[in-house]
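Chemist: Next one to model:
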Amino acid sequence: MLRVSDLNVHHGDVQVLHDVGLKVEEQEIITIVGANGAGKSTLLKCIGGLHQASSGEIEFMGERIDRLPSHQVVERGLIRIPEGRKVFPSMTVLENLELGSYLPKAKANRSETLHKVFILFPILKNRVQQSAGTLSGGEQQMLAIGRGLMSLPRLLMLDEPSLGLAPLLVKQIFQTVREINRQGTTILLVEQNVYNALEMADEGYVLENGRIVRQGKSGDLLHDEYIKEAYLGV
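Modeler: Below you'll find the predicted structure:
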């Protein structure tokens with residue numbers, strides 16, 4: 001479904017990603033884990049068309065997308081939920097959700113998709129006329145995911161969805177991501193929460209200083225001695 005090959009990315013004179021490669025099959029959950037500053041968010045932004053790669057290729061559903069602007073990437077069903085939620089604080093919950101369904105197909109299915117979002121996140125239904133900026137951090141994360149789902153994604157990219165949330169809310173967010181995947185949406189998840197991310201995913205990639213240093217089945221990575229020592233404190 002998604003293939004990234006030999007991706008190199010620079011910010012000015014600084015190289016951020018070095019020959020990064022990964023693949024995502026349909027209906028999988030794939031996770032990219034690593035410490036803050038490893039290049040995870042930059043990778044998602046490149047896939048989403050917000051950063052231009054210096055070299056390498058990105059293919060989605062067999063089509064090269066690495067030279068497409070971000071709005072054309074979104075039109076193809078590849079949706080990114082940004083780090084830090086990025087909701088529109090002065091707009092209502094409902095207005096934020098409706099913004100996610102601006103594409104023709106998504107707009108035509110807006111009522112049906114909105115119903116599904118409210119089933120996933122019942123608290124949002126009770127907050128529809130509330131300004132998004134007055135929601136708690138966990139509620140804003142639910143809103144950001146809901147807004148992404150309103151676009152009818154074929155592949156949903158989540159950038160640090162657990163960031164800054166209490167442990168109970170983290171558990172709830174990960175359960176919701178599983179449910180979204182069970183309903184048929186492919187997931188590419190970027191996380192610092194290594195254990196929860198690998199425990200949920202089919203396969204994982206470990207990114208360090210812009211390089212993939214480990215990859216494989218998530219269960220194997222959880223038992224990898226290097227990962228246990230470096231990331232899990234075991």
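Chemist: and the host helix or strand of Gly56, what other elements does it pack with?
Modeler: Using DSSP states H and E, Gly56 sits in strand 55-60. For strand 55-60, the helices and strands in contact under the criterion 3 or more C-beta pairs under 8 Å, 6 or more residues apart in numbering; DSSP states H and E are strand 2-11. Heads up, the C-betas are built off the backbone N, CA and C, glycines and all.
Chemist: Which helix or strand lies directly C-terminal to the strand it packs on?
Modeler: Counting by DSSP H and E, the element after strand 2-11 in chain order, helix or strand, is strand 14-24.
Chemist: Show me the contact partners of the helix ranked longest in the chain.
Modeler: Longest among the helix segments of the chain by residue count, using DSSP state H, is helix 167-182. Applying C-beta atoms under 8 Å, 6 or more residues apart in numbering, the external contacts of helix 167-182 come out as 27, 29, 120-121, 137-138, 141-142, 145, 149, 156, 158, 161-162, 165, 187, 189, 193, 196, 200.
Chemist: contacting residues for the residue nearest the centre of the chain?
Modeler: With distances taken as C-alpha atoms, centre = their mean, Leu158 lies nearest the centre of the chain, 1.4 Å away. Contacts for Leu158 were tallied using C-beta under 8 Å, 6+ apart; they are 81, 145, 177, 187-190.
Chemist: try 7 Å
Modeler: Listed by C-beta atoms under 7 Å, 6 or more residues apart in numbering, the contact partners of Leu158 are 81, 177, 187, 189-190.
Chemist: Just the closest of those residues to Met61, please.
Modeler: In terms of C-beta to C-beta, no member of the contacts of Leu158 lies closer to Met61 than Ile187, at 15.9 Å.
Chemist: Of the contacts of Leu158, which is the most crowded?
Modeler: Per-residue neighbour counts (other C-beta atoms under 10 Å) across those peak at Leu189, which has 29 neighbours.
Chemist: mind checking pLDDT for it?
Modeler: At Leu189, the model reports a pLDDT of 97.
Chemist: where's Gly56 relative to Arg110, distance?
Modeler: With distances taken as C-beta to C-beta, to the nearest Å, Gly56 is found 36 Å from Arg110.
Chemist: what about Ile187, is that helix, strand or coil?
Modeler: For Ile187, the secondary structure call by DSSP: H, G, I helix; E, B strand; the rest coil comes out as strand.
Chemist: ok, the closest residue to it other than its chain neighbours to Thr176 distance?
Modeler: With C-beta to C-beta, 6 or more residues apart in numbering as the measure, Ile29 is the residue that lies nearest to Ile187, at 4.4 Å, once sequence neighbours are left out. Separation of Ile29 from Thr176 (C-beta to C-beta) stands at 12 Å.
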